[in-house]
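1. take a look and give me a structure for this.
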Amino acid sequence: TDVCYGRTLGLSLQTINGYLFNRFIGVGGGVSLDFYTYEFIPLFLDVRGYVLDKPISPYYSINVGYGFGADLFNRFDDGFRDIKGGLMFHPSIGVRFATRYNSSFQVDLGYKFQEAVITSRLPDFTEVADVRYQRFTLRFGWIF
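-> Numbering: from 1, shown residues only. Below you'll find the model as predicted:
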């Protein structure tokens, strides 16, 4: 697997819906739109838990799923590229800040992995690249 080194700032939009069984374990599902060289749409399982039963609590989160590759904005509209997604893995740790209105804000730091296979078909040859995008993440969220 080739590692894709880039110094581009990434952006992700994400939603997760789930159920918290107790403060230590909650399970849910999510979908995201992630921007790398190409766009990916991961569908994933979210597992999370909170350390303290207090308004402010550290927490962990692990997202695992499959990121579907896409070129949503047709930046590469030459018709010679095929973008296949792959495994997406995103562990993180953070802090939840509860409000008086039965909602919370959260912030976390993590590291996201997204695998992909990019096939470029040119007149004289075909190039297949196994790519692993890797990023540090800083997420802000609202729980309601």
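
2. Arg96 versus Leu52, what's the distance?
-> 9 Å (Cβ to Cβ, to the nearest Å). For the C-beta atoms, the positions are set from N, CA and C on the backbone; glycine is no exception.

3. ok, now Pro55?
-> Taking Cβ to Cβ, one finds Pro55 at 9 Å from Arg96.

4. same thing with Leu20?
-> 11 Å.

5. and for Ile83?
-> Taken as Cβ to Cβ, the span from Ile83 to Arg96 is 35 Å.

6. quick one: furthest residue from the center of the chain?
-> Distance from the C-alpha centroid of the chain peaks at Asp124, with 35.6 Å (Cα atoms, centre = their mean).

7. when Ile83 and Arg96 are compared, which one has more neighbours?
-> Between Ile83 and Arg96, counting by other Cβ atoms under 10 Å, Arg96 is the more crowded of the two (21 against 18).

8. all the strands of the protein, residue numbers only.
-> 2-3, 11-22, 25-35, 39-50, 56-70, 81-84, 86-98, 104-121, 126-143 (DSSP state E).

9. kind regards, and thank you for your time.
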